[in-house]
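>>> my questions concern the predicted model and sequence given below.
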There are 2 protein chains.
Amino acid sequence: MLTFAIPKGSLLADSIRLLQTIGLDFSAFLDESNRLLQITDPQGRAKAMLVRAQDVPVYVEYGEAHLGIAGEDVLREKIPKVARLLDLQFGHCRMSIAVPQSSPYRSGLSLPPHSRIASKSVRITQEYFASIDLPVEIIPLYGSVELAPITGMADAIVDLVSTGRTLRENGLLEIEVLFHSTARLIAHTLSYRLDRENISAYVEKIREVLSP
Amino acid sequence: MLTFAIPKGSLLADSIRLLQTIGLDFSAFLDESNRLLQITDPQGRAKAMLVRAQDVPVYVEYGEAHLGIAGEDVLREKIPKVARLLDLQFGHCRMSIAVPQSSPYRSGLSLPPHSRIASKSVRITQEYFASIDLPVEIIPLYGSVELAPITGMADAIVDLVSTGRTLRENGLLEIEVLFHSTARLIAHTLSYRLDRENISAYVEKIREVLSP
């Protein structure tokens, strides 16, 4: 049976809606009382597992899910061995550098060498600063990255921004966009190549919904 | 002013309670409507910042907090450069190996070479299996590790167990305890050595509360 890995969090509702447009109903995941992490659609044609956004590429890479929905930011950070099939055109956000409003710096390039940069996305941060040949100290954090410049632990942060509200509320200013991110449809490479479980037909249906 | 890094999540309530016994009131963090990540105690003697459990050692290592409360499991995974001062005797849990109930294996040693082990604690998992000279494939996950053996992606998991309820609900069996964990009081090394902000007096007060 075709299996999807669906991300918890900000991409969940749009992911469910997209799959509904191609006839697969996993809306039970939106029910707050739901505790199940795996469900089958009512018509018994496909299965979905609900996992952390960062874990979607893992389940797809290992072939536990044939298809998955993951943010471009997660794919850039993890670089999983999966086939990247479609830009799903939702989950718009951007990976940006932000500094305290009082900071004199207004671009990535203008930050002084050995600045401390807090981020949940260590690889992306490393690659960006390597690309502009600026040696920085990266402070890896798990959450509330916006706290790091407030306390003075970091000079800047690299973080995902969607509305910018969290930055504003914490007195931070977005000074550089590293890249824009949206949700992507990814597939287990071998399953996709062998077209197991009719994967390509489902991918084609999603493609049609996206560009009617 | 003395600054504490306090962990969100399962150690939060006990951490607040402990600090109350030495006269520092950060109970505002327990108020669900609270959105502040930094507060000062009503008597203005100390400050606390509320951060992810895994980020506490980072704030302490960088000296943004003089003292912090972190689980032994987090300290073993991150190996931060901090002073480990006291076992706080709460937050009891254990790092364990679990397998599906249908698995024939009943100990870490009996797992076959090249087993797939899913875990959020990659370093701890690596070190354990290196210590018994068993080559395994580690699958790093961020959440819901218990899902990995259910889907068949992993043969076993290494995860933190407190009551064992999550394991039971997912048909998993705990077969080996790697170590027991409790909350620890940690300090920024230099601040502690220089006894900034009277750190040692606070540590002594906490020690007295623990072993009256």
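Happy to help now that I have it. Numbers count the residues shown, from 1 in each chain, chains lettered A, B, ... in the order given.
>>> only C-alpha atoms for contact and neighbour calcs from this point on.
Will do.
>>> and the gap between A:K81 and A:I186?
Distance, A:K81 to A:I186, using Cα to Cα, to the nearest Å: 10 Å.
>>> these two - which one has more neighbours?
Between A:K81 and A:I186, A:I186 has the larger neighbour count (other Cα atoms under 10 Å in any protein chain shown), namely 29 against 16.
>>> quick check: that one is in a strand.
Yes - per DSSP: H, G, I helix; E, B strand; the rest coil, A:I186 lies within a strand segment.
>>> go ahead and confirm it touches A:V82.
Yes - using Cα atoms under 8 Å, A:I186 is in contact with A:V82, at 6.3 Å.
>>> need the overlap of contacts for those two.
A:P57, A:V60 (Cα atoms under 8 Å, 6 or more residues apart in numbering or on different chains).
>>> longest strand of chain A?
Counting residues, the longest strand found in chain A (DSSP state E) is strand A:172-181.
>>> now for that one, which elements pack on it?
strand A:93-100 (3 or more Cα pairs under 8 Å, 6 or more residues apart in numbering or on different chains; DSSP states H and E).
>>> the strand it packs on: how far from the chain's middle?
15 Å (Cα atoms, centre = their mean, to the nearest Å).
>>> and for stretch A:158-175?
17 Å.
>>> list of residues touching it?
Stretch A:158-175 has contacts (Cα under 8 Å, 6+ apart) with A:92-101, A:106-108, A:117-121, A:125, A:145-147, A:150.
>>> could I get the buried residue list for the longest helix anywhere in chain A?
Ordering each helix of chain A by length in residues (DSSP state H) puts helix A:199-210 first. Judged by neighbour count using 16 or more other Cα atoms under 10 Å in any protein chain shown, the buried positions of helix A:199-210 are A:I199, A:Y202, A:V203, A:I206.
>>> ok so, going back, now the longest strand of chain A: average pLDDT?
For strand A:172-181, mean pLDDT rounds to 97.
>>> thinking again about what came up before, and the buried residues of helix A:199-210, which two are furthest apart?
A:I199 and A:I206 (10.9 Å; Cα to Cα).
>>> spit out the contact partners of A:V74.
A:A53, A:Q54.
>>> wasn't it part of a helix?
Yes - looking at A:V74 with three-state DSSP, it is inside a helix.
>>> any idea how far it is from B:E32?
30 Å.
>>> quick one, phi/psi of the residue most central in space within chain A?
Closest residue to the average C-alpha location of chain A: A:G71 at 2.6 Å, with Cα atoms, centre = their mean. Backbone geometry at A:G71, expressed as degrees, to the nearest 10, gives phi -70, psi 140.
>>> the residue nearest to it when sequence neighbours are not counted: how many residues sit nearby?
Nearest non-adjacent residue to A:G71, counting by Cα to Cα, 6 or more residues apart in numbering or on different chains: A:A183, 4.3 Å away. Using other Cα under 10 Å, A:A183 has 24 neighbouring residues.
>>> give me the phi and psi for A:A183.
phi -70, psi 140.
>>> contact residues of chain A facing chain B?
Residues of chain A lying close to chain B (Cα under 8 Å from any Cα of the partner chain) are A:37, A:51-52, A:54-55, A:58-59, A:62, A:64, A:139, A:141-144, A:147, A:151-153.
>>> switch to 10 Å and redo it
A:37-38, A:49-56, A:58-59, A:62-65, A:139-145, A:147-148, A:150-154 (Cα under 10 Å from any Cα of the partner chain).
>>> are any of those buried, and if so which?
Using 16+ other Cα under 10 Å, the buried ones in these are A:38, A:49-56, A:58-59, A:62-65, A:139-141, A:144-145, A:147-148, A:150, A:153-154.
>>> average pLDDT for the longest helix of chain A?
96.
>>> domain ranges for chain A?
Using automatic domain parsing, the domain parsing of chain A gives A:2-91+A:182-210, A:93-179.
>>> need the strands for chain A, in chain order.
Counting by DSSP E, the strands of chain A are A:2-7, A:38-40, A:46-51, A:67-71, A:83-87, A:93-100, A:116-119, A:137-140, A:156-161, A:172-181, A:183-187.
>>> and the second one, how far from the chain's centre?
This means strand A:38-40. So, by Cα atoms, centre = their mean, the centroid of strand A:38-40 is 22 Å from its chain's centroid.
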